[in-house]
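Undergrad: here is my input; please provide its structure:
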Amino acid sequence: MSQRSLHDPPADPIAEGARARAQGRPKDACPYPANSAARKAWLEGYDGAPSERAPDLPMTDA
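TA: Numbers count the residues shown, from 1 in each chain. Just a heads-up that it's a prediction; the model follows:
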């Protein structure tokens, strides 16, 4: 039985993406293939929001 080190990467793509952003890595550093579920999850972690959710835009005075 092995224990995880604090230096081991996270076990899921969302956590990996969040960690990459926290470490200052660029968004194009995603290691997963285009159009894969893992890439989508990694980018959600990097952005901090599900991809289906549009970014909040500032309110404007009309």
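Undergrad: which SS class is the nearest residue in space to residue 33 that is not next to it in sequence?
TA: In this structure, residue 33 finds its nearest non-sequential neighbour in residue 39, 6.3 Å apart by Cβ to Cβ, 6 or more residues apart in numbering. (Glycine included, C-beta is placed from N, CA and C.) Under the three-state scheme (DSSP: H, G, I helix; E, B strand; the rest coil), the conformation of residue 39 reads as helix.
Undergrad: you'd agree residue 39 is up against residue 32?
TA: Yes. With contact defined as Cβ atoms under 8 Å, residue 39 reaches residue 32; the gap is 3.8 Å.
Undergrad: identify the contacts common to these two.
TA: Common contacts of residue 39 and residue 32 (Cβ atoms under 8 Å, 6 or more residues apart in numbering): residue 13.
Undergrad: ok so, going back, report pLDDT for the residue nearest to residue 33.
TA: Per-residue pLDDT puts residue 39 at 94.
Undergrad: measure it to residue 50 for me?
TA: 14 Å (Cβ to Cβ, to the nearest Å).
Undergrad: in terms of neighbours, single out the busier of the two.
TA: Set residue 39 next to residue 50 and count neighbours by other Cβ atoms under 10 Å: residue 39 wins out with 16 against 11.
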